[in-house]
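**Student:** Got a predicted structure here, sequence first:
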Amino acid sequence: MIDANTKLHSNPRCLLTELDDGTGVLLHLDTKYYFTLNDTGVFLWKQLAETPSSASELAERLSVEFEVTEGDALPHVRSLVEELHANRLVELR
């Protein structure tokens, strides 16, 4: 389990394609694995691509952007970053 304060960043070998409905698809160039993201996932990916961030920092930004509490956002953010990490789409920094 990734600690809520561990810094993560997007894997530079992954490309995001945003779709018209706000969702997106990540492609890992090495594994050729596709990973779909909903609108909040796309938002979080863009945050990680911009600057290394912890799950706590991401939950804080998500709470502002989508008007949810940080407490509600954090478990979902942690779940997503753990899944992204397990699929080598994000890296620990």
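**Tutor:** Now that the structure is in, tell me what you want to look at.
**Student:** Could you measure from the residue nearest to Asp21 when sequence neighbours are not counted over to Ala59?
**Tutor:** Using CB to CB, 6 or more residues apart in numbering and skipping the chain neighbours, the partner closest in space to Asp21 is Asp39 (7.9 Å). To be clear about C-beta, it is placed using only N, CA and C from the backbone, and glycine gets the same treatment. Per CB to CB, to the nearest Å, Asp39 is found 16 Å from Ala59.
**Student:** The two - which one has more neighbours?
**Tutor:** Ala59 (23 against 15; other CB atoms under 10 Å).
**Student:** List the contacts of the more buried one.
**Tutor:** Ala4, Glu70, Ala73, Leu74, Val77 (CB atoms under 8 Å, 6 or more residues apart in numbering).
**Student:** how about CSV for these, with neighbour count, distance to Asp20 and secondary structure added?
**Tutor:** Output for the contacts of Ala59, formatted as CSV (neighbours: other CB atoms under 10 Å; distance: CB to CB, whole Å; DSSP: H, G, I helix; E, B strand; the rest coil):
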residue, neighbour count, distance to Asp20, secondary structure
Ala4, 16, 33, coil
Glu70, 15, 30, helix
Ala73, 23, 25, helix
Leu74, 18, 29, helix
Val77, 26, 25, helix
